[in-house]
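Chemist: I'll drop the sequence and a predicted model, then ask my questions.
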Amino acid sequence: MNYFNNSVVIITGAASGIGQQLAIQASQQGAAVIATDINVPGLEETRKAGNNMMIQLLDVADKDAVQAFAEGLIPTLNGKKLILINNAGVALLSGSFHETTMEDIEWLFNINFWGVVRMTKAFYPYFISRNEGHIVNISSVFGLGGFSNQSAYSPSKFAVRGFTETLRMELIGTGICTSTVHPGGINTAITSNAKARGRYAAHQHHSVREFAKVAGTSPEKAAKIILEGIARKKQRILIGKDARMIDIATRLFPVSYSSMAAKQSRKLFSEPNANNNAHGF
């Protein structure tokens, strides 16, 4: 039986990239999809490409909007299995921790981590009452290891991982599944759409170009792997050779992987020809 038959799949960040492909492919597999984002034109494109799909303007950083969305939707689910995919996320190009402001760290965490927590909390009563369903949280390879110049993004993805693994332990013996997803380099616009600060704004094209060189997985393929993992009730889903390599490196070399990965991190997240010592490496 198709895991997505007679299910409702809610996807945040569904106007582009992995989220858009998750919405399209889940709808093609028989799910009733509710695609959410702050980008309405992007959501319209998602709806046109999918089947049996509803779109909803939703900012996961707005706790009142999230709660209102859940309270309005839950009565309409009619006992169907709910699959919640917390995919919405943002990136930041601001340099080292020393250069990154508290305001930017809080902005990023409000979306990448608190957005996941808010959505899960809002729909948790439904999961508990039904004793079934699936909570899927998108972390990153940056949630497997820490990387220089990512003092906001990487901790936010570690937090998503820790939160999901905590739920996994609490839900042992129930009918509710959890999955943590760790994508490697996915060919999306996350770097070009990142908030760039200070001198990094002038060199954002450098990070976009370097990221494109290592983004070896398409959003279509990433979504396919995620949905297959959900259907198999995998609790941990790695996407791409780079994700598997980083996973192995951080397990085998929990300290020395930092120096091993530093060179690539410089290429991706520093200015061209920048003085790396000044950037905290």
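Modeler: On my side now, so go ahead. Residues are numbered from 1 along each chain as shown.

Chemist: least trustworthy helix or strand in the chain by mean pLDDT?
Modeler: helix 204-214 (a mean of 51; mean pLDDT, DSSP states H and E).

Chemist: confidence score at residue 108?
Modeler: Turning to residue 108, the model gives it a pLDDT of 97.

Chemist: Once you drop chain neighbours, what's closest to it?
Modeler: Spatial nearest neighbour of residue 108, excluding adjacent residues (CB to CB, 6 or more residues apart in numbering): residue 152 at 4.5 Å. Placement of C-beta: from N, CA and C, glycine included.

Chemist: hang on, the earlier thing: next helix or strand past the least confident helix or strand of the chain?
Modeler: Next helix or strand after helix 204-214 toward the C-terminus (DSSP states H and E): helix 219-231.

Chemist: Residues in contact with that following helix: which ones?
Modeler: Helix 219-231 has contacts (CB atoms under 8 Å, 6 or more residues apart in numbering) with 2-4, 17-18, 20-22, 24-26, 29, 83, 85, 134, 136, 179, 181, 183, 186-188, 237, 239-240.

Chemist: Mark which of the residues you listed are buried, thanks.
Modeler: 3-4, 17-18, 20-22, 24-26, 29, 83, 85, 134, 136, 179, 181, 183, 186-188, 237, 239-240 (16 or more other CB atoms under 10 Å).

Chemist: Am I right that residue 135 is in a strand?
Modeler: Yes: counting by DSSP: H, G, I helix; E, B strand; the rest coil, residue 135 is found in a strand.

Chemist: related to what we said a few turns ago, residues touching the residue nearest to residue 108, list them.
Modeler: Residue 152 sits in contact with 92, 94, 100, 104-105, 108-109, where contact means CB under 8 Å, 6+ apart.

Chemist: List phi and psi for it.
Modeler: phi -110, psi -50 (degrees, to the nearest 10).

Chemist: how far away is it from residue 238?
Modeler: As judged by CB to CB, to the nearest Å, residue 152 and residue 238 stand 23 Å apart.

Chemist: Centroid-nearest residue for this protein?
Modeler: Nearest to the mean C-alpha position of the chain, by CA atoms, centre = their mean, lies residue 138 at 3.4 Å.

Chemist: Show me which strand runs longest in this structure.
Modeler: strand 176-183 (DSSP state E).

Chemist: tell me the average confidence for that strand?
Modeler: Across strand 176-183, pLDDT averages out at 97.

Chemist: Which strands border it, and is each parallel or antiparallel?
Modeler: Strand 176-183 pairs in its sheet with strand 133-138 (parallel), strand 236-239 (parallel), by DSSP bridges.

Chemist: Let me have these in a markdown table, extended by distance to residue 43.
Modeler: A markdown table is the format used below for the strands paired with strand 176-183 (distance: least, CB to CB, whole Å):
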| stretch | distance to residue 43 |
| --- | --- |
| strand 133-138 | 18 |
| strand 236-239 | 23 |
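
Chemist: Could you dump these into a markdown table and include distance to residue 46 and mean pLDDT?
Modeler: Output for these, formatted as a markdown table (distance: least, CB to CB, whole Å; pLDDT from 0 to 100):
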| stretch | distance to residue 46 | mean pLDDT |
| --- | --- | --- |
| strand 133-138 | 16 | 98 |
| strand 236-239 | 20 | 96 |
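
Chemist: looking at those, which is closest to residue 259?
Modeler: Residue 259 lies closest to strand 236-239 among the strands paired with strand 176-183, at 22.8 Å (CB to CB).

Chemist: Can you give the contact residues for the closest one?
Modeler: By CB under 8 Å, 6+ apart, the surrounding residues in contact with strand 236-239 are 179-184, 186, 217, 222, 225-226, 229-230, 244, 247.

Chemist: Just the buried subset of those, written out for ChimeraX, thanks.
Modeler: The buried residues among these can be selected in ChimeraX (16+ other CB under 10 Å) with this line:
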select :179,180,181,182,183,184,186,217,222,225,226,229,230,247
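
Chemist: any idea how far the closest residue to residue 171 other than its chain neighbours is from residue 33?
Modeler: Leaving aside its chain neighbours, residue 171 sits nearest to residue 178 (6.4 Å; criterion: CB to CB, 6+ apart). Distance, residue 178 to residue 33, by CB to CB: 20 Å.

Chemist: Between these two, which has more neighbouring residues?
Modeler: Legend: neighbour count by other CB atoms under 10 Å for residue 178 and residue 33, higher for residue 33 (30 against 22).
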